[in-house]
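S.K.: Sharing a sequence plus its predicted fold:
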Number of protein chains: 2
Amino acid sequence: MITPSLDVLCIGNAIVDVIADADDAFLAGQGLDKGSMRLIDEAEAVRLYGVMGPGRELSGGSAGNTAAGLAALGIRTGFIGQVADDQLGKIYQHDVEAQGVEFLVAARGDVGATARCLILVTPDAQRTMNTFLGAAQRLEAKDVDLARVADAAIVYLEGYLWDPAEPRAAMEAAIDAAHAAGRKVAFTLSDTFCVDRHRDGFWALIDAGQIDILFANEAELLAMAGGENFEAALAMLAAKVGTLVVTRSEAGAVAVSDEERASVAAEPIERLVDTTGAGDLFAAGFLAGQARGLGLEVSLKLGAIAAAEVIQHYGARPEADLKALAGDLLG
Amino acid sequence: MITPSLDVLCIGNAIVDVIADADDAFLAGQGLDKGSMRLIDEAEAVRLYGVMGPGRELSGGSAGNTAAGLAALGIRTGFIGQVADDQLGKIYQHDVEAQGVEFLVAARGDVGATARCLILVTPDAQRTMNTFLGAAQRLEAKDVDLARVADAAIVYLEGYLWDPAEPRAAMEAAIDAAHAAGRKVAFTLSDTFCVDRHRDGFWALIDAGQIDILFANEAELLAMAGGENFEAALAMLAAKVGTLVVTRSEAGAVAVSDEERASVAAEPIERLVDTTGAGDLFAAGFLAGQARGLGLEVSLKLGAIAAAEVIQHYGARPEADLKALAGDLLG
């Protein structure tokens, strides 16, 4: 096998986050479920934006956040996600590249506007996300450079990408290309609503042996397994994937592979500000460990460190020096 | 005199801030003077953006920040600043209106792109600003609704607006309209480089009695007076304007009017993060006090409270509840 030129190639929705403070009464008045992600159309995006507070714009998107975290940890990282040829698209590409990530897909002028996610952060640091996918849902299989996919040790995919049809096909093409080249495929279930929408499709992927590393939080794991028993759900999923990683917020995280099981406590934090990106950065830390050939326990610890950094400030991408925080764990 | 429908109408450059972390070596490599604001053209804006780190976009602009602070304090506030009919312009208008400020000028499609300020924040919380004025410098006198200017108790102008010719004429028209209606004109010197560029113009305004409330920091005051002696400079300027307000960073602030002199200590803070907007928010607090008919000392205290809030987080607009922080000072 040829030594890959990228450690991790992330494929996901290229989304600019628009973050605003909100209180519970605002969420209730808008009929929003706190802590969830819902897909909205352009009309609803315009309406909700019109009534929400002043925003802070930061590049986001689940796999994009993970890519930023990986690069911050010194991992050779690429990103594929569709942006439009507009101001927000230029901002998105800049932010990805400025983090040291290779941006591997061209902006297009025929795909509407660049995606945005209206994120309402309540005083309890929960985020309620309203995503207008726009150009992101127009990522096509033909836009994915399969030679670069085959040239990455791990390809990382977000479950959110399963929502629109075109990126789903692009993702399937990437999985095939990765496995044909003997590479690993990592996948995140993204959120419980995403699992509810696509449980059958996700199970089909898993049953077909398409997923080598599966990321889920506790709620997503239970939603996939269809029960209330954490250990039973863990065993059910772990039997089907090479490595299963389950995050449990302040209770830490657990990983199970064919050979071992490991767990890690959550890192202590000074102040919880905004949980946006916690799962994405946990995945970044864990994948960084895996890319460096480290064991489950160290990889989990790296995930916990990266997640702890991102929840102590607004926005879903690292601000502090993750490499310094990781210390000598990365070797 | 008819009771005005606005307490304060702010006129300034409508600028989206693009905030990125940088270190001293980066500033040196780019030949940038730490702590200064420089005007750049579009080519330099594109070049510098290409080499700087990932950004956080927030609506800014000096007078725009002041308007946001005033509205957060419950003051009836309007804003005039030119944006383009593009994504950043829509974001800017949204953020102004979402704060409860009346946005009083229409976006235009014939003025290039909405202005942006590339702000590099070093670990010492200093900001180095690189401003591409774009559409903002196309604000014309005909775009200023003079009836609304005449209908505001105070019109507040930023010295930065003196840089391009068209907004300068717009500002002069606003001053005339305000005084014709018996209203007050407040003005900020903005920064020392701005004073260096326009000392004669600013002195002409002051000597003609056009400025009722003048804001400066210590360096700007000395740059205007042309000496090194603070008290001498203070006396020189105070003799020419109704009220002079001078901010002195951690040394607090002083105000001098015909009848009295008052000073205030800086508010204690937990953590200095980003000084962007400190002067703008001080002006907001002080003008809020003046709009409510409060004395110099209480107005200064309100300025210090608003400034202390904004320097403890990234971005130049308030995030905490300023009204709550002001407590019963506002009556």
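M.R.: Looks like it came in fine.

S.K.: All the helices of the stretch 51-200 of chain A, residue numbers only.
M.R.: The residue ranges that make up the helices of the stretch 51-200 of chain A, judged by DSSP state H, counting those that start in this stretch, are A:62-72, A:87-98, A:146-150, A:165-180, A:192-207.

S.K.: what's the answer for the stretch 201-331 of chain A, then?
M.R.: A:218-225, A:230-238, A:278-291, A:296-310, A:322-326.

S.K.: hmm, back to that, what's the most buried one of the helices of the stretch 51-200 of chain A?
M.R.: Per residue and on average, the most neighbours among the helices of the stretch 51-200 of chain A fall to helix A:62-72, with a mean of 31 (mean count of other CB atoms under 10 Å in any protein chain shown). Backbone N, C-alpha and C define where each C-beta goes, glycine included.

S.K.: what about that one, average pLDDT?
M.R.: Averaged across helix A:62-72, the pLDDT comes to 97.

S.K.: ok, how many other residues are close to the residue of the stretch 151-300 of chain A found nearest chain B?
M.R.: Using CB to the nearest CB, the point where the stretch 151-300 of chain A gets nearest to chain B is A:Val273, with a distance of 9.7 Å. Around A:Val273 there are 16 other residues, counting by other CB atoms under 10 Å in any protein chain shown.

S.K.: quick one: low-confidence parts of chain A?
M.R.: Low-confidence segments of chain A, defined by pLDDT under 70, span residues A:1.

S.K.: In contact with the spatially most central residue of it, which residues?
M.R.: To find the centre residue of chain A, average its C-alpha atoms and take the closest one (CA atoms, centre = their mean): that gives A:Ser62, at 3.1 Å. The neighbourhood of A:Ser62, defined by CB atoms under 8 Å, 6 or more residues apart in numbering or on different chains, consists of A:Gly12, A:Asn13, A:Glu158, A:Tyr160, A:Thr188, A:Ser190, A:Gly279, A:Asp280.

S.K.: One more pass at 10 Å, please.
M.R.: Applying CB atoms under 10 Å, 6 or more residues apart in numbering or on different chains to A:Ser62 gives the contacts A:10, A:12-13, A:15, A:37, A:81, A:117, A:156-161, A:188, A:190-191, A:194, A:277, A:279-280, A:283, A:316.

S.K.: what do you get for A:Ala147?
M.R.: Applying CB under 10 Å, 6+ apart to A:Ala147 gives the contacts A:Ala177, A:Ala181.

S.K.: Okay, it and chain B: tell me how far apart.
M.R.: Distance of A:Ala147 to chain B, given as CB to the nearest CB, to the nearest Å: 26 Å.

S.K.: Please list the residues of the stretch 51-200 of chain A that sit near chain B.
M.R.: With the criterion set to CB under 10 Å from any CB of the partner chain, the stretch 51-200 of chain A comes near chain B through A:51-59, A:68, A:72, A:84, A:86-91, A:94-101, A:113-114, A:116.

S.K.: mind running it again at 6 Å?
M.R.: Taking CB under 6 Å from any CB of the partner chain as the criterion, the stretch 51-200 of chain A approaches chain B at residues A:Gly53, A:Pro54, A:Arg56, A:Glu57, A:Leu58, A:Asp86, A:Gln87, A:Leu88, A:Asp95, A:Ala98, A:Gln99.

S.K.: of the residues you listed, closest to B:Ala232?
M.R.: Taking CB to CB as the measure, A:Pro54 is the one of those closest to B:Ala232, at 41.5 Å.

S.K.: Surely the closest one is in contact with B:Glu97?
M.R.: No - in this structure, A:Pro54 is not within contact of B:Glu97 by CB atoms under 6 Å, at 8.9 Å.

S.K.: With distance to A:Ala265 added, can I get the residues of the stretch 51-200 of chain A next to chain B in CSV?
M.R.: Formatted as CSV, those follow (distance: CB to CB, whole Å):
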residue, distance to A:Ala265
A:Gly53, 35
A:Pro54, 37
A:Arg56, 31
A:Glu57, 34
A:Leu58, 29
A:Asp86, 43
A:Gln87, 42
A:Leu88, 38
A:Asp95, 32
A:Ala98, 33
A:Gln99, 28
